[in-house]
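Student: Model the structure of this input:
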Amino acid sequence: MAKDFSLKSLLISLYHGARRRSRIFRNGLLIFDISTILFFIISTFFEDFWWIRGIEYVVTLVIVLDLVARFYISPNRLNFFGQLTTWTDLIVVVTLLIPALIENFTFLRVLRALRLLRTYHTLAELRSRYAFFKRNEEIVQSVVNLGVFIFIVTALVYVLQLRTNPQINNYIDALYFTVTTLTTTGFGDITLQGSSGRLIAVLIMIIGVALFLRLIQTIFRPAKVRFKCRQCGLTRHEMDAVHCKHCGEVLNIETEGMV
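Tutor: Numbering: from 1, shown residues only. Here you go, the predicted model:
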């Protein structure tokens, strides 16, 4: 019983603690998440070699161990199965273990990109330690969201068009089409084929372009801070604002000064 308590305490400390080893552990998980996404991209350039399958089994083992550990220390194990990251991991594990049986659904591995949203906890720690992250929280989150969105859309295009579209032979071809569509450049040298391809293109143009422009606007617009004005309720102000630009009310925004 003492060993069980010790193991659970250690895992809770690693996943939720504030000590240096806990931060290193969570940063390691972040690096693993990013590495698996890069591996899924790079593997599209190769055939089904034995070393690819070997790496996939290693990735599967790490994901399963992470799932078991998070389930073990979860204060509410019923709610654990209602979390998005839990189901994305389970789906990715299934596609890795039996790809031959569900070949048409291997694109579900792209859900692994949603794990990057978990980095917000890591970013919160970085904001408390580094002024840069504190000043640019919204920009960093928008960059993460934009990267996740582009990756998922690209992977969807790649998997659904790979064997039916001779213009798309690897992930880079799909990425090229996605970015040119999202930026409304549309060179036209790569087009999606079939009814499903045209439907994807329509969804990218209608939904994707609007979201893409919104995220780009958030990234490149001047940095502001959130502080609710007591007089008019305006919540976004310049970083060095003394008065509310809407009503003139004196603001008392905590600031470390302009850098």
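
Student: ok, Leu211 to Ser35 distance?
Tutor: According to C-beta to C-beta, to the nearest Å, Leu211 and Ser35 sit 26 Å apart. Any C-beta I mention is one placed from the backbone N, CA and C, and that applies to glycine too.

Student: nope, Leu67 is what I meant
Tutor: Leu67 sits 17 Å away from Ser35, going by C-beta to C-beta.

Student: again, but for Phe25
Tutor: Distance, Phe25 to Ser35, by C-beta to C-beta: 15 Å.

Student: Which one's more surrounded, those two?
Tutor: The neighbour comparison of Phe25 against Ser35 (other C-beta atoms under 10 Å) goes to Phe25, with 16 against 13.

Student: In contact with that one: list those residues for me.
Tutor: Residues in contact with Phe25 (C-beta atoms under 8 Å, 6 or more residues apart in numbering) are 14-15.

Student: per-residue confidence for it?
Tutor: Phe25 carries a pLDDT score of 88 in this model.

Student: isn't Phe32 right up against Leu61?
Tutor: No - counting by C-beta atoms under 8 Å, Phe32 stays clear of Leu61, with 11.6 Å between them.

Student: Compare the two (neighbour count), which wins?
Tutor: Taking neighbours as other C-beta under 10 Å, Phe32 and Leu61 compare with Phe32 leading, 15 against 12.

Student: if I look at that one, how far off is Val179?
Tutor: Distance from Phe32 to Val179, by C-beta to C-beta: 26 Å.

Student: Quick check: Thr36 touching Val58?
Tutor: No - judged on C-beta under 8 Å, Thr36 makes no contact with Val58 at a distance of 10.0 Å.

Student: Looking at those two, which has the bigger crowd around it?
Tutor: Each of Thr36 and Val58 has its neighbours counted (other C-beta under 10 Å); Thr36 has more, 21 against 11.

Student: Fine, thanks again, bye for now.
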